[in-house]
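Trainee: Coordinates only, no sequence provided:
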């Protein structure tokens, strides 16, 4: 369309989410770099499109990251519990083994025990037998 | 009709006119409409005016032209006087006149138009803005002020096209 100065032309019936190109020129400019020098593009932002993008992020991106994190934390906690359990079992097993070994090696016969107890009393104390 | 203060080309001239002398007037721009019907004109003297540009296609309509004097003017030497240079390069009717064509605008001031490269006779970018982009009303406004140096015969055009369809790029032919 031909325009006169000063120009203020309203573009109507645009569609949201689409990009448009506006070129202002005259026939004397056509030999020059037309698209670069005399054209501008603009996008009509769509609110509806924005909300869709937000939903996609909520549904796909963010939950996926949370799931991964929870899985890792769960695995680490489980592994830690298993390791601690094994350590506790190993320690208990080791201690019980050691105790039973000491018991076998150091306990004297029943008669000797009585004597040792008697010998072990301090001087001046009365002897007691049970 | 020389030595007057004519700011516009005279109207209603006889089609049989063979010589027209309009030297030392105050004309700035000439249009195709000014030369319409002067099919017998052989000699045209437009020297010592304030001419900046002549509309593209004007001199081509003078079918009998043999001699034209364009000395002592103020040629813009931008895109608007490029058609004149191209015409005179092909049809040297001005050769041998009193003075060469000298640039008087902001571009190439004082230079001889004959020695200028035609590709360098360009104009500045047209500056315009896209404002009031309203997604609810589905409208936008193109706002623009015509450059001061643009001749009155120039018709500016606005071309508007959609680049995307459903968010995907369209191929514009």
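Mentor: Structure received. Because the structure is predicted, anything quoted here is derived from the model rather than measured.

Trainee: which parts of stretch A:12-30 are buried?
Mentor: A:14, A:17, A:18, A:20, A:21, A:22, A:23, A:24, A:25, A:26, A:28, A:29 (16 or more other Cβ atoms under 10 Å in any protein chain shown). Placement of C-beta: from N, CA and C, glycine included.

Trainee: no no, stretch B:137-157
Mentor: Those would be B:140, B:142, B:144, B:146, B:149, B:150, B:151, B:153, B:154, B:156, for stretch B:137-157 by 16+ other Cβ under 10 Å.

Trainee: what does stretch B:129-136 give?
Mentor: Neighbour-count burial for stretch B:129-136 [16+ other Cβ under 10 Å]: B:130, B:133, B:135.

Trainee: Pick out the lowest-pLDDT one from those.
Mentor: Among the buried residues of stretch B:129-136, residue B:135 has the lowest pLDDT, at 80.

Trainee: ok, that one to residue A:16 distance?
Mentor: 5 Å (Cβ to Cβ, to the nearest Å).

Trainee: now do residue A:40
Mentor: Taken as Cβ to Cβ, the span from residue A:40 to residue A:16 is 19 Å.

Trainee: nearest to residue B:17, of the buried residues of stretch B:137-157?
Mentor: Nearest to residue B:17, judged by Cβ to Cβ, of the buried residues of stretch B:137-157 is residue B:153 at 22.3 Å.

Trainee: Now do that closest one, the pLDDT please.
Mentor: For residue B:153, the predicted pLDDT is 86.

Trainee: ok, back up a step: out of the buried residues of stretch B:137-157, which are close to chain A?
Mentor: B:140, B:142, B:144, B:146, B:150, B:154, B:156 (Cβ under 8 Å from any Cβ of the partner chain).

Trainee: quick one: which of those residues sit in strands?
Mentor: Secondary structure from DSSP state E places B:140, B:142, B:144, B:156 of those in strands.

Trainee: Low-confidence ranges, chain B, go.
Mentor: B:96, B:105, B:146-148, B:166-173 (pLDDT under 70).

Trainee: and the closest residue to residue B:26 other than its chain neighbours, helix, strand or coil?
Mentor: Of all residues not flanking residue B:26 in the chain, residue B:7 sits nearest, at 4.9 Å (Cβ to Cβ, 6 or more residues apart in numbering or on different chains). Following DSSP: H, G, I helix; E, B strand; the rest coil, residue B:7 is assigned to coil.

Trainee: which ones are touching residue B:7?
Mentor: Applying Cβ atoms under 8 Å, 6 or more residues apart in numbering or on different chains to residue B:7 gives the contacts B:25, B:26, B:27, B:28.

Trainee: Just give the number of residues close to the third one.
Mentor: In other words, residue B:27. 20 (other Cβ atoms under 10 Å in any protein chain shown).

Trainee: go on, the second one?
Mentor: Applying other Cβ under 10 Å, we find 13 other residues in the vicinity of residue B:26.

Trainee: follow-up on the earlier one: do you know how far the residue nearest to residue B:26 is from chain A?
Mentor: Here residue B:7 is placed at a distance of 21 Å from chain A (Cβ to the nearest Cβ, to the nearest Å).

Trainee: near chain A, which residues of chain B show up?
Mentor: B:56, B:79-80, B:82-83, B:122-123, B:125-126, B:128, B:130, B:133, B:135, B:138-146, B:150, B:154-167, B:172.

Trainee: related to what we said a few turns ago, what's the closest of the contacts of residue B:7 to residue B:65?
Mentor: residue B:27 (17.7 Å).
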